[in-house]
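*Asks:* sequence? don't have it. structure:
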Ligand SMILES: Nc1ncnc2c1ncn2[C@@H]1O[C@H](COP(=O)(O)OP(=O)(O)O)[C@@H](O)[C@H]1O
Ligand SMILES: O=C(CO)[C@@H](O)[C@H](O)COP(=O)(O)O
């Protein structure tokens with residue numbers, strides 16, 4: 001459709017299990033969508049849940065070529081969906097946080113000279129020196145300790161907004177520097193998953209944005225620059241060059257590269273806006289108001305809150321925010337989210353969420369005293385190894401428990417954990433609060449009902465789209481383009497609708513369970 005005057009905006013989400021793409025109009029309405037599920041659509045990479053378990057305990061990686069191949073695949077699906085790429089004014093994206101991409105010495109040249117006649121993955125087959133450690137990796141406990149010893153645990157939290165966490169990129173870089181020095185030396189640049197994905201779109205190594213950059217234990221969230229002490233503790237003098245200078249999230253990184261112009265028909269002046277972390281993008285997509293807390297139910301479960309200024313939390317994280325409305329944000333992440341729910345759904349009810357929900361409704365709130373903690377993968381909050389604890393009403397380990405009690409124990413246990421640790425981090429929740437749920441599991445009303453009862457607050461979902469990170473990516477592209485080009489856009493307000501409100505007796509059931517949850521986690525083993 002040449003000469004079409006519509007303006008559209010493209011967003012990507014390179015999340016843990018899939019790559020999603022969305023095209024929105026000037027009013028932010030959704031025009032087209034496509035996605036690529038890594039395990040199903042790219043079986044040659046042999047991922048399970050989008051990742052590969054490494055040989056070492058706690059090691060979790062993903063091959064960057066998987067994401068490269070997925071990009072061409074999702075683009076082809078957008079073509080089939082009828083997208084006219086010549087109307088796209090700007091592109092942005094989100095990526096799973098903390099994962100690092102290790103570029104080889106010739107990567108920049110390869111990115112600069114991409115030919116539209118060949119697939120990206122054939123042209124970039126030698127662009128990476130190793131697989132990417134991702135956010136589920138928990139193999140860097142020794143590096144976290146070394147970083148905290150070098151900087152001071154509280155000082156690190158003051159500077160970077162987080163104590164040292166296994167999945168954070170600084171400790172991951174330190175492990176690479178320590179255990180695989182040749183890989184470290186052979187690396188020209190280190191990207192986050194978000195800035196790596198952006199690099200493919202701009203045909204050069206794109207800068208790390210400040211919001212996702214705050215998930216590394218390397219950035220001073222006050223000065224918004226790399227902190228020298230943290231850099232020294234994690235690598236050598238070449239580390240700041242390998243990372244490049246971080247930029248505000250609202251930066252136009254460049255025009256789209258000629259590969260996308262030649263292959264898909266983008267305009268040469270289509271702008272690429274810095275990509276950010278998926279949770280940062282979700283915060284942008286949810287456009288949270290005061291008192292609203294975001295609940296992202298993707299592979300991980302996260303709680304999100306906009307903050308007016310930086311803070312030094314004892315647990316959880318404070319990041320630079322992704323938009324001017326949210327200069328800072330609080331984030332609490334639980335590793336055992338949807339994949340853990342899905343594993344136990346398969347075990348207890350077969351492959352159907354409806355059958356799993358039937359189990360949930362076959363037992364009462366409070367679950368006759370059965371409580372469970374299910375960590376299929378090492379947990380982040382609290383820091384604990386994989387394990388499973390199921391207790392009966394008298395506090396004894398329960399065995400051979402009927403599936404309905406297990407199903408509810410799993411979900412009530414998860415919701416109680418989210419609430420307890422949110423309180424510990426200082427998330428303010430009261431009757432006037434709202435939880436705004438997003439991500440794959442936010443379509444499950446039985447699950448959201450449990451969160452409403454445990455949190456003593458109604459749960460809402462966004463009307464426009466179930467995936468705020470993806471929508472947020474396209475909205476960020478539109479908003480940054482609008483400012484940069486001086487072209488006002490009509491945009492649209494966020495509409496949310498209530499899907500679950502607390503039952504009247506919830507406050508008799510869940511506060512005692514919350515106290516019991518705290519006692520139980522005191523007794524389970526901890527990482528480190
Ligand atoms: N009806 C449902 N109830 C609970 N969870 C669901 C439901 N439908 C999908 N999911 C979960 O959503 C998850 C994917 O969510 P998504 O936000 O796409 O993840 P990510 O962004 O991390 O790749 C799957 O692991 C699946 O278990
Ligand atoms: O580690 C974190 C946040 O700190 C995770 O939330 C990742 O960002 C993965 O996100 P999802 O794929 O689960 O949305």
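*Replies:* Here it is on my side, so go on. Computed from a predicted model, the values in this text were never measured in an experiment. Numbering: from 1, shown residues only. Ligands and ions are numbered 1, 2, ... in the order given.
*Asks:* from memory residue 438 sits against residue 463, does it?
*Replies:* No: counting by C-beta atoms under 8 Å, residue 438 does not reach residue 463; the two are 11.8 Å apart. Just so you know, the C-beta spots here come from the backbone N, C-alpha and C atoms, and that holds for glycine as well.
*Asks:* who's more crowded, the two?
*Replies:* residue 438 (26 against 10; other C-beta atoms under 10 Å).
*Asks:* What's the local residue count around the residue nearest to the more buried one when sequence neighbours are not counted?
*Replies:* Excluding the flanking residues, the one nearest residue 438 by C-beta to C-beta, 6 or more residues apart in numbering is residue 468, at 3.9 Å. A count of neighbours around residue 468, defined by other C-beta under 10 Å, yields 34.
*Asks:* Name all residues that make contact with residue 468.
*Replies:* Neighbour list for residue 468: 281-283, 285-286, 294, 296, 436, 438-439, 462 [criterion: C-beta atoms under 8 Å, 6 or more residues apart in numbering].
*Asks:* Check the gap between it and residue 244 for me.
*Replies:* 28 Å (C-beta to C-beta, to the nearest Å).
*Asks:* Mind listing what's buried along stretch 173-184?
*Replies:* 173-177, 184 (16 or more other C-beta atoms under 10 Å).
*Asks:* export the contacts of residue 468 to JSON lines and tack on secondary structure, pLDDT and distance to ligand 1?
*Replies:* JSON lines is the format used below for the contacts of residue 468 (DSSP: H, G, I helix; E, B strand; the rest coil; pLDDT from 0 to 100; distance: C-beta to the nearest ligand atom, whole Å):
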{"residue": "281", "secondary structure": "helix", "pLDDT": "97", "distance to ligand 1": "11"}
{"residue": "282", "secondary structure": "helix", "pLDDT": "96", "distance to ligand 1": "9"}
{"residue": "283", "secondary structure": "helix", "pLDDT": "94", "distance to ligand 1": "15"}
{"residue": "285", "secondary structure": "helix", "pLDDT": "92", "distance to ligand 1": "12"}
{"residue": "286", "secondary structure": "helix", "pLDDT": "90", "distance to ligand 1": "14"}
{"residue": "294", "secondary structure": "strand", "pLDDT": "96", "distance to ligand 1": "13"}
{"residue": "296", "secondary structure": "strand", "pLDDT": "97", "distance to ligand 1": "7"}
{"residue": "436", "secondary structure": "strand", "pLDDT": "96", "distance to ligand 1": "14"}
{"residue": "438", "secondary structure": "strand", "pLDDT": "96", "distance to ligand 1": "8"}
{"residue": "439", "secondary structure": "coil", "pLDDT": "96", "distance to ligand 1": "4"}
{"residue": "462", "secondary structure": "strand", "pLDDT": "92", "distance to ligand 1": "13"}
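*Asks:* And the furthest pair within these?
*Replies:* Spatial extent of the contacts of residue 468 (C-beta to C-beta) is set by the pair 281 and 436 at 14.4 Å.
*Asks:* Counting neighbours, go ahead and name the busier of those two.
*Replies:* It is residue 281, of residue 281 and residue 436, that has more neighbours when counted by other C-beta under 10 Å, with 36 against 24.
*Asks:* what sits against that one?
*Replies:* 13, 93-94, 322, 468-470, 472-473, 476.
*Asks:* Give me the distance between the two termini of stretch 5-18.
*Replies:* 32 Å (C-alpha to C-alpha, to the nearest Å).
*Asks:* What residues of that stretch count as buried?
*Replies:* Applying 16+ other C-beta under 10 Å to stretch 5-18 flags 7-18 as buried.
*Asks:* tell me how far the ends of stretch 93-111 are from each other?
*Replies:* 18 Å.
*Asks:* just stretch 233-250 next, same as before
*Replies:* Stretch 233-250 end-to-end distance (C-alpha to C-alpha) = 30 Å.
*Asks:* neighbouring contacts of the helix or strand hosting residue 67?
*Replies:* Using DSSP states H and E, residue 67 sits within helix 64-80. Applying C-beta under 8 Å, 6+ apart, the contact partners of helix 64-80 are 12, 14, 18-21, 23, 32, 34-36, 38, 41-42, 45, 47, 85, 101, 119-121, 124-125, 127-128, 131-132, 193, 196-197, 200, 260, 263-264.
*Asks:* Kindly recompute the last result at 6 Å.
*Replies:* 14, 19, 21, 34, 36, 38, 42, 45, 101, 119-121, 124, 128, 132, 200, 264 (C-beta atoms under 6 Å, 6 or more residues apart in numbering).
*Asks:* go on, stretch 166-173?
*Replies:* Taking C-beta under 6 Å, 6+ apart as the rule, stretch 166-173 contacts 98, 100, 133, 135, 137-138, 140, 143-144, 147, 164, 216-218, 230, 234-235.
*Asks:* about what we covered before: reformat the buried residues of stretch 5-18 as a markdown table; add secondary structure, pLDDT and distance to ligand 2.
*Replies:* Formatted as a markdown table, the buried residues of stretch 5-18 follow (three-state DSSP; pLDDT from 0 to 100; distance: C-beta to the nearest ligand atom, whole Å):
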| residue | secondary structure | pLDDT | distance to ligand 2 |
| --- | --- | --- | --- |
| 7 | coil | 97 | 28 |
| 8 | strand | 98 | 25 |
| 9 | strand | 98 | 21 |
| 10 | strand | 98 | 19 |
| 11 | strand | 98 | 14 |
| 12 | strand | 98 | 13 |
| 13 | strand | 98 | 8 |
| 14 | strand | 98 | 9 |
| 15 | coil | 97 | 4 |
| 16 | coil | 98 | 3 |
| 17 | coil | 98 | 7 |
| 18 | strand | 98 | 9 |
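*Asks:* Please name every helix or strand in contact with the helix or strand that contains residue 201.
*Replies:* Assigned by DSSP H and E, residue 201 belongs to helix 193-202. Contacts defined by 3 or more C-beta pairs under 6 Å, 6 or more residues apart in numbering; DSSP states H and E place helix 193-202 against strand 88-95.
*Asks:* in its sheet, what does the strand it packs on sit against?
*Replies:* Sheet neighbours of strand 88-95, with direction, are listed as strand 8-14 (parallel), strand 271-273 (parallel), strand 276-277 (parallel) (DSSP bridges).
*Asks:* Kindly reformat those strands as CSV and extend each row with distance to ligand 1.
*Replies:* Listed next are the strands paired with strand 88-95 as CSV, based on distance: least, C-beta to the nearest ligand atom, whole Å:
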stretch, distance to ligand 1
strand 8-14, 6
strand 271-273, 20
strand 276-277, 12
